[in-house]
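[1] sequence plus the predicted model coming up.
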Amino acid sequence: MGEVRAVSQSEEPFLDRAEAGRLLGSELEDFSDSNPVVLGIPRSGVIVAREIARRLNAELDIVVSRTLCEPGNPDVTIGAINEEGKLFTVQESREPATLCEESHANAEEEREKQYTMMAESLDRYREIRPKVPLEGRTVIIADDGLTSGAAMQASLWTTRKEKPKRLIAAVPVASMEALDRVAGLADETVVLKTPPIFYELGQFYEFFDRTTDEEILEALQDSVRRKGK
């Protein structure tokens, strides 16, 4: 398991994702000298990541990945896909698992379905922000919170394939169950709040509106202008 830095067990809500990102950025300032890349998990994680990137004067990018579950059984993860549509199964992660032939077939079926769903938005994102190379870089992956941890797991798995020097998971709030799942996949996990009672992510934000594609595009455009690349 990687290092876990949990700041508090507070149940007080953040005002919104931007405030949560600013507070999380302050906690991550030690990484500012390592020329980090901050990756947001669309949709809402990009708003948190934008504020971290501003605080650290870092490049902002996205990590688009999808967890694949067994058809009809969303509690069983069989793999994930990255933004190129590459499939890898759970035994390729750090979790010990094996898949039977039927599960491999299910994973391929789910890969095609999920990649079709995410491809249109991804094309729009990449028109604004070409993918930042991650090999040898300090990479911080941010989301607005961990409920099940599945999206962060998939993002860590796919990013690890790109051989970053150091891989950090960063969230404002997390359930303890999700934190346990994620911590073993990152070199370090930073979370501001691990409240003992966690029903749903929305309870920790006063404003919890749906993030739009337009907001993501604006955040990426701002980063490109700010960093000049």
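    Nice, I can see it.
[2] got the domain boundaries for the chain?
    Listed domain ranges for the chain are 3-65+132-227, 67-125 (source: automatic domain parsing).
[3] make CSV out of these and add mean neighbour count and mean pLDDT.
    Heads up, the C-betas are built off the backbone N, CA and C, glycines and all. Below are these laid out as CSV (neighbours: other CB atoms under 10 Å; pLDDT from 0 to 100):
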stretch, mean neighbour count, mean pLDDT
domain 3-65+132-227, 20, 94
domain 67-125, 15, 68
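[4] how far does the lengthiest helix in the chain sit from its chain's centre?
    For the chain, the helix with the greatest residue count under DSSP state H is helix 101-128. Mean C-alpha position of helix 101-128 versus that of the full chain (CA atoms, centre = their mean, to the nearest Å) differs by 17 Å.
[5] output stretch 210-226 as PDB - backbone C-alpha positions only.
    Only the C-alpha atoms of stretch 210-226 are listed here, as PDB (Å, rounded to 0.1, in the frame of the first residue of the first chain):
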ATOM      1  CA  ARG A 210     -23.700  18.600 -12.500                       C
ATOM      2  CA  THR A 211     -20.500  19.600 -14.300                       C
ATOM      3  CA  THR A 212     -21.000  20.200 -18.000                       C
ATOM      4  CA  ASP A 213     -18.700  19.500 -21.000                       C
ATOM      5  CA  GLU A 214     -18.600  23.300 -21.500                       C
ATOM      6  CA  GLU A 215     -17.100  23.800 -18.000                       C
ATOM      7  CA  ILE A 216     -14.400  21.100 -18.800                       C
ATOM      8  CA  LEU A 217     -13.500  22.700 -22.100                       C
ATOM      9  CA  GLU A 218     -13.200  26.100 -20.400                       C
ATOM     10  CA  ALA A 219     -10.900  24.700 -17.700                       C
ATOM     11  CA  LEU A 220      -8.700  23.100 -20.400                       C
ATOM     12  CA  GLN A 221      -8.600  26.300 -22.400                       C
ATOM     13  CA  ASP A 222      -7.600  28.300 -19.400                       C
ATOM     14  CA  SER A 223      -4.800  25.900 -18.600                       C
ATOM     15  CA  VAL A 224      -3.500  26.000 -22.200                       C
ATOM     16  CA  ARG A 225      -3.500  29.800 -22.100                       C
ATOM     17  CA  ARG A 226      -1.900  30.000 -18.700                       C
END
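[6] done for today, thanks.
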